[in-house]
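>>> okay, sequence plus prediction incoming.
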Amino acid sequence: MTQDLKQELKSMIGPAAWHNLLPHAARDSIVLVNPGLDLAEVGVAVATDNVTSVQRWISEALITKPTVAQMEDWERDRSRQFQTLIVQPYVLIQHLPDAATAAE
């Protein structure tokens, strides 16, 4: 079941520019996910209320709320791209690597 959910969430991951994420930032629903984590795996943990994993990632600062300084930086470069995954009520975002094309 969790594997099915992970596949479903994986299919929902997509790129978004910062300016498209501003409404979510205004609602304080953005969660920044460390690039070392699998975005779909974090989505599964959030969707299934896996408190143990989520708390561990928070305590290790692997998932955080963006800081004001980060958002100001992104605002200056509004075309900056992120990988995104919506897991209501959150929008999980992850920096795209500089060589930002996903080979599929």
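Structure received.
>>> counting neighbours, what do you get for Leu37?
Leu37 has 17 neighbours, counted by other CB atoms under 10 Å. All C-beta spots, glycine's among them, are computed from the backbone N, C-alpha and C.
>>> how far does the biggest helix by length in the chain sit from its chain's centre?
Counting residues, the longest helix found in the chain (DSSP state H) is helix 2-12. Chain-centre distance of helix 2-12: 15 Å, with CA atoms, centre = their mean, to the nearest Å.
>>> ok, and what's touching it?
Contacts to helix 2-12, defined as CB atoms under 8 Å, 6 or more residues apart in numbering, come from residues 40-41, 43-44, 47-48, 85-87.
>>> just the buried residues of those residues.
Neighbour-count burial (16 or more other CB atoms under 10 Å) is assigned, among these, to 40-41, 43-44, 47, 85-87.
>>> report the two of those residues separated the most.
Using CB to CB, the pair of those lying farthest apart is Glu41 and Ile86, separated by 15.6 Å.
>>> on that earlier part again, can you list the buried residues in the longest helix of the chain?
By 16+ other CB under 10 Å, the buried positions in helix 2-12 come out as 6, 9.
>>> following it, which helix or strand comes up?
Remark: after helix 2-12, the chain's next helix or strand is strand 14-17, criterion DSSP states H and E.
>>> that following strand pairs with which strands, parallel or anti?
If you go by DSSP bridges, strand 14-17 pairs up with strand 81-87 (antiparallel).
>>> tell me the gap between the partner strand and the middle of its chain.
5 Å.
>>> low-confidence ranges in the protein?
Residues of the chain that meet the criterion pLDDT under 70 lie in 1, 97-104.
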